[in-house]
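Novice: no sequence for this one, just the structure:
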Ligand code: TYD
Ligand code: MG
């Protein structure tokens, strides 16, 4: 059978969700009907006989040259902590976060920190102008001589700058705004983002330079495009926080050169991001102890225990289906806890709107906050505050039982450190450290009673505060 040999590369589009291919771009994938999932890819036709010459030699593992994988500190303490020491030469790190959260600020500080140690750092800005970035660096007092700045959007030109500057660390801000002019899709599209990242990953490997890519994340958590980058890069950091709060949390979602257990805590100040040494104290600084509907819980974020305040508020609902709104915890978890409260502890919120928030813009998916949420709601129902020096921690089961959670000792130690003298915990919890007394309960009803929310020696508040 005769076949026509094609030599020109052709372009096709592939769905990033279902993998279906199509020769022309469409807004909606013909395979799975998802919108905006088609990404451009360049396909070189291959025949079975073609062998690509190897670009490297396979070697017995003992003969493979050893590479320097020691991290180089950036001097930004909280960032280095999350990175298990710093940026590893030849590695690629993606920093994702919502626009305005402080990614550019963080990485400018990190690049300056690297440069301050004499290693050359290149900051490529593809969003702001170079004078704009210079202005910010001046305000941050982050202008060491070894910090170089380039304003560039063409990925090929970014690589040319690497030839010129020969930095040990390069920051590309952002990966969505650099593009490859050889591809026809628009800058910021999935195909562009992936192709540019791919080229930068290759440069990182071949030059042994640490590459940091900034990626914008949309409100619903999806990296606009960079989702597809997560497997390309070595490390994925997520920079979070409420833009309206000064607090910022930095986590490693993936890290090939260390653990993902650390949490970095920053505060956005007038002169850039400052590391927070005592996050628990910061989270609790605006608390009004004894207010009805407020309960403090020691959560564990990364490996770090943090005391946060859970708040609940109720109001008579004008709606046939009252609102259940949460901030910082999952809505579904609140629904479950309200059902358990009603069925197992006789606490009803029927006909009332319920709001539950974790103060300070903290988000947690830990079951360990169940008890605090349930107590906060009960406290809001009864209008009675819990004693000010109480923390509560435990998972609540569907039968209303209190279940053990991990690392209670560390959580209670953190509570004791901040002057909380009582810890309301599941029956089989370990003994608390000195200075903290354990109040044990087997179920939710018992915990509500122990917290003094029914009749006990709690602080009664009229008008709170
Ligand atoms: P930026 O780093 O530009 O965010 P991103 O790159 O994630 O979009 O920071 C944005 C916000 O940070 C901006 O609203 C101003 C604020 N900010 C400060 O409060 N203090 C500072 O020193 C700096 C540089 C920024
Ligand atoms: Mg920015």
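Specialist: Looks like it came in fine. As the structure is a prediction and not an experimental result, all values here were calculated from the model. Ligands and ions are numbered 1, 2, ... in the order given.
Novice: switch to C-alpha atoms for all contacts and neighbour counts from now on
Specialist: OK.
Novice: mind listing what the helix or strand hosting residue 95 pairs with, with the direction of each?
Specialist: Residue 95 is part of strand 92-97, with elements assigned from DSSP states H and E. Strand 92-97 has the following strand partners under DSSP bridges: strand 210-216 (parallel), strand 235-240 (parallel).
Novice: for the helix or strand hosting residue 447, which positions count as buried?
Specialist: Using DSSP H and E, residue 447 maps to helix 444-450. Using 16 or more other CA atoms under 10 Å as the test for burial, helix 444-450 gives 444, 445, 446, 447, 448, 450.
Novice: Next, count neighbours for the closest residue to ligand 1 within the stretch 351-465 of the chain.
Specialist: Closest to ligand 1 within the stretch 351-465 of the chain is residue 361: 16.0 Å, counting by CA to the nearest ligand atom. If you count neighbours by other CA atoms under 10 Å, residue 361 ends up with 21.
Novice: show me what contacts it?
Specialist: Residue 361 sits next to 241, 242, 245, 247, 327, 328 when contact means CA atoms under 8 Å, 6 or more residues apart in numbering.
Novice: still on that earlier bit, what comes into contact with the strand holding residue 95?
Specialist: 103, 201, 204, 210-218, 223, 230, 233-240.
Novice: thinking again about what came up before, could you dump the buried residues of helix 444-450 into a markdown table and include distance to residue 173 and pLDDT?
Specialist: Listed next are the buried residues of helix 444-450 as a markdown table, based on distance: CA to CA, whole Å; pLDDT from 0 to 100:
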| residue | distance to residue 173 | pLDDT |
| --- | --- | --- |
| 444 | 49 | 95 |
| 445 | 53 | 94 |
| 446 | 53 | 95 |
| 447 | 50 | 96 |
| 448 | 51 | 95 |
| 450 | 53 | 93 |
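Novice: can you list the residues that contact the helix or strand hosting residue 370?
Specialist: Using DSSP H and E, residue 370 falls within helix 370-382. Contact with helix 370-382 is made by 292-297, 310-314, 334, 337-338, 341, 347-349, 356, 385-386, 391-396, 402, 444, 448, 453-454, as judged by CA under 8 Å, 6+ apart.
Novice: Can you name the next helix or strand after that helix?
Specialist: The helix or strand immediately downstream of helix 370-382 is strand 384-385, counting by DSSP H and E.
Novice: tell me which parts of the stretch 101-250 of the chain are close to ligand 1?
Specialist: 101, 102, 103, 104, 105, 136 (CA under 6 Å from any ligand atom).
Novice: Output the residues you listed in JSON lines, with secondary structure, neighbour count and pLDDT appended to each entry.
Specialist: Converted to JSON lines, these look like this (DSSP: H, G, I helix; E, B strand; the rest coil; neighbours: other CA atoms under 10 Å; pLDDT from 0 to 100):
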{"residue": "101", "secondary structure": "coil", "neighbour count": "22", "pLDDT": "91"}
{"residue": "102", "secondary structure": "coil", "neighbour count": "19", "pLDDT": "94"}
{"residue": "103", "secondary structure": "helix", "neighbour count": "23", "pLDDT": "95"}
{"residue": "104", "secondary structure": "helix", "neighbour count": "23", "pLDDT": "96"}
{"residue": "105", "secondary structure": "helix", "neighbour count": "19", "pLDDT": "96"}
{"residue": "136", "secondary structure": "helix", "neighbour count": "18", "pLDDT": "95"}
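Novice: and which of those residues is nearest residue 62?
Specialist: Distance to residue 62, by CA to CA, is smallest for residue 103 among those, at 40.2 Å.
Novice: give me every residue that touches the closest one.
Specialist: Residue 103 touches 95, 96, 97, 214, 239, counting by CA under 8 Å, 6+ apart.
Novice: what do you get for residue 432?
Specialist: By CA under 8 Å, 6+ apart, the neighbours of residue 432 are 409, 412, 413, 423, 438.
Novice: Give me the buried subset of the residues you listed.
Specialist: The buried subset of these (16+ other CA under 10 Å) comprises 412, 413, 423, 438.
Novice: In the stretch 151-300 of the chain, which residue sits nearest ligand 1?
Specialist: residue 272 (3.3 Å).
Novice: The closest residue to that residue other than its chain neighbours: how many residues sit nearby?
Specialist: Spatial nearest neighbour of residue 272, chain neighbours left out: residue 140 (5.9 Å); criterion: CA to CA, 6 or more residues apart in numbering. Residues lying near residue 140 (other CA under 10 Å) number 17.
Novice: same question, residue 399
Specialist: With other CA under 10 Å as criterion, residue 399 counts 13.
Novice: Quick check, it in contact with residue 340.
Specialist: Yes. Because the distance of 7.2 Å satisfies CA atoms under 8 Å, residue 399 is recorded as touching residue 340.
Novice: pull the longest strand from this structure.
Specialist: Criterion DSSP state E: the longest strand present in the chain is strand 304-316.
Novice: name the helices or strands packed onto the next helix or strand after that one?
Specialist: Following strand 304-316 in sequence order, the next helix or strand is strand 324-327 (DSSP H and E). Under the contact criterion of 3 or more CA pairs under 8 Å, 6 or more residues apart in numbering; DSSP states H and E, strand 324-327 touches helix 331-345, strand 352-358.
Novice: Each with direction, which strands does strand 324-327 pair with?
Specialist: strand 352-358 (parallel).
Novice: quick one on the thing from earlier: farthest-separated two in the buried ones among the contacts of residue 432?
Specialist: The widest separation within the buried ones among the contacts of residue 432 (CA to CA) is 11.6 Å, between 413 and 438.
Novice: count of residues packed around residue 54?
Specialist: 7.
Novice: Now do the helices in the stretch 51-200 of the chain.
Specialist: With helices called from DSSP state H, counting those that start in this stretch, the stretch 51-200 of the chain shows them at 77-82, 103-116, 130-139, 155-165, 190-207.
Novice: Out of those, which is closest to residue 32?
Specialist: helix 190-207 (17.1 Å).
Novice: Need the contact partners of the closest one.
Specialist: 37-41, 89-92, 155, 159, 175-176, 178-180, 183, 185-187, 209-211, 224-226, 228-229, 232-233.
Novice: Show me what counts as buried in whichever strand or helix holds residue 253.
Specialist: Assessed by DSSP H and E, residue 253 sits inside strand 247-255. By neighbour count on 16+ other CA under 10 Å, the buried set for strand 247-255 is 247, 248, 249, 250, 251, 252, 254, 255.
Novice: Take those residues and write them to TSV, including distance to residue 79 and pLDDT.
Specialist: Below are the buried residues of strand 247-255 laid out as TSV (distance: CA to CA, whole Å; pLDDT from 0 to 100):
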residue	distance to residue 79	pLDDT
247	15	84
248	12	90
249	10	89
250	7	92
251	9	89
252	10	90
254	14	88
255	13	90
